[in-house]
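**Q** okay, predicted coordinates and the sequence, questions at the end:
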Amino acid sequence: MSGLRQMRGWLSAKRRFQFVLTLVMVTGLTAACGALLMLPNSVLPKIRAVVPGVDAGQPTATDAQLPGLRRIMDSYGKIVAEPVVTGSDRVGIVLGHPARKSDVDVLSSELASATLAVSALWGSDWSQAPVVVVASSPAEFAALANATGDVPAEVAAATVADPFHPGTQPTGQRVVFGPEAGRRLGADGLRSVLRHELTHVATRAVTVDGSPQWMLEGLAEYAAHRGMHHPIAEVAPTLTTRARANNLPADLPTDALFDPASGQAAYAYEQAWSACAFIADQYGDPKLVDLYRQLATGPKNRATTDTILRTTLGADYADFLSTWRAWITARTTEGA
């Protein structure tokens, strides 16, 4: 039975990491797209979020991009919309098509708690009225994610935002799920990926492109599993197996390893999760968030990272690696 449980955990984690590779896309609005956002208000009520207890005439944070999304999605079939109250004055929404209604239902049932969970870690300085879309085909996924060229099949979800100036809140943010995400990940996987992607939405305002992926993806993975009491062998099966064979990471994963083409992306996500879980365990969630804010300001070399680690955690780079590796060893040998 223990072998069967281990195999199930490995398969669950493999599906999650294999298909949760995140595309964070920031795209410019063309003149055509700008025109779409200015469609007449008469279009909006067809999918407008109306929730009992919320004034139907009061615009929500999701309204601005709904006309444009409707225009894209209309060409792929009938639209179903599930509005969700995510706060006292905030309404999120999950959009999809009838063929993906089961995924829409799972995501809408989780949206409020996922929003609360992300805010509990990161803080309330984000919209907290998420827009989540489930695509019906790879072509629709690419259109909704503003992707150019082919999107890797491994990508289950993407976060999207309009261009914005640093220091301001992004607009046009949404999480787009691929058509096969529900089948590949299952309900539990969808819930984890939703929290992962909402973390990218919440942190986008302070995140500069080119920042270290181990921190960007590690925090999102930590948020996805935070408070869930998932065993490390389930969350990070490859890391666990290698650590038990005394094959520990020599360094933090490089950005290149997160590329699906590297063949090491799943392991890179596991290492990134473990680094952030270690920081939270040893220093606390506020220090983890503070470190994210320090590291997410753009590309970092080792010397700069060393300085930030010293300032934020009181440990230099070498000490950080040593204590992180010891933490992995301790956690992966518990109950082995």
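**A** Now that the structure is in, tell me what you want to look at. As the structure is a computational prediction, the values presented were derived from the model and not from experiment.
**Q** what ranges do the helices span in the stretch 151-300 of the chain?
**A** 181-203, 213-225, 232-235, 237-244, 265-283, 285-295 (DSSP state H, counting those that start in this stretch).
**Q** most packed of these?
**A** Across the helices of the stretch 151-300 of the chain, averaging neighbours per residue (mean count of other CB atoms under 10 Å) puts helix 213-225 on top, at a mean of 26. Backbone N, C-alpha and C define where each C-beta goes, glycine included.
**Q** next one: that one to chain centre, how far?
**A** 8 Å (CA atoms, centre = their mean, to the nearest Å).
**Q** then stretch 69-89?
**A** 20 Å.
**Q** hey, C-alpha coordinates of it in PDB?
**A** Extracted in PDB, the C-alpha atoms of stretch 69-89 (Å, rounded to 0.1, in the frame of the first residue of the first chain):
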ATOM      1  CA  LEU A  69     -12.900  38.800 -23.800                       C
ATOM      2  CA  ARG A  70     -16.500  38.300 -25.000                       C
ATOM      3  CA  ARG A  71     -15.500  39.300 -28.500                       C
ATOM      4  CA  ILE A  72     -12.700  36.700 -28.600                       C
ATOM      5  CA  MET A  73     -14.700  33.900 -27.000                       C
ATOM      6  CA  ASP A  74     -17.900  34.400 -29.100                       C
ATOM      7  CA  SER A  75     -16.200  33.000 -32.100                       C
ATOM      8  CA  TYR A  76     -15.500  29.700 -30.200                       C
ATOM      9  CA  GLY A  77     -19.100  29.100 -29.100                       C
ATOM     10  CA  LYS A  78     -21.600  30.000 -26.300                       C
ATOM     11  CA  ILE A  79     -20.200  31.600 -23.200                       C
ATOM     12  CA  VAL A  80     -20.900  30.600 -19.700                       C
ATOM     13  CA  ALA A  81     -20.000  33.000 -16.800                       C
ATOM     14  CA  GLU A  82     -19.800  32.400 -13.100                       C
ATOM     15  CA  PRO A  83     -19.500  35.500 -11.000                       C
ATOM     16  CA  VAL A  84     -17.900  35.100  -7.600                       C
ATOM     17  CA  VAL A  85     -18.000  37.500  -4.600                       C
ATOM     18  CA  THR A  86     -14.300  37.600  -3.500                       C
ATOM     19  CA  GLY A  87     -14.700  40.400  -1.000                       C
ATOM     20  CA  SER A  88     -17.200  42.800   0.500                       C
ATOM     21  CA  ASP A  89     -17.000  45.100  -2.500                       C
END
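**Q** circling back to that earlier point, need the helices of the stretch 151-300 of the chain in JSON lines with distance to residue 164 and mean pLDDT, can you?
**A** Putting the helices of the stretch 151-300 of the chain into JSON lines (distance: least, CB to CB, whole Å; pLDDT from 0 to 100) gives the following:
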{"stretch": "helix 181-203", "distance to residue 164": "13", "mean pLDDT": "96"}
{"stretch": "helix 213-225", "distance to residue 164": "17", "mean pLDDT": "98"}
{"stretch": "helix 232-235", "distance to residue 164": "32", "mean pLDDT": "95"}
{"stretch": "helix 237-244", "distance to residue 164": "35", "mean pLDDT": "98"}
{"stretch": "helix 265-283", "distance to residue 164": "25", "mean pLDDT": "97"}
{"stretch": "helix 285-295", "distance to residue 164": "17", "mean pLDDT": "98"}
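**Q** same list (these) but as TSV, adding distance to residue 330.
**A** Shown next, in TSV, are the helices of the stretch 151-300 of the chain (distance: least, CB to CB, whole Å):
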stretch	distance to residue 330
helix 181-203	24
helix 213-225	18
helix 232-235	10
helix 237-244	10
helix 265-283	10
helix 285-295	19
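**Q** which one of those helices lies closest to residue 319?
**A** Closest to residue 319 of the helices of the stretch 151-300 of the chain, according to CB to CB: helix 265-283, at 11.5 Å.
**Q** quick one: low-confidence parts of the stretch 1-150 of the chain?
**A** 1-63 (pLDDT under 70).
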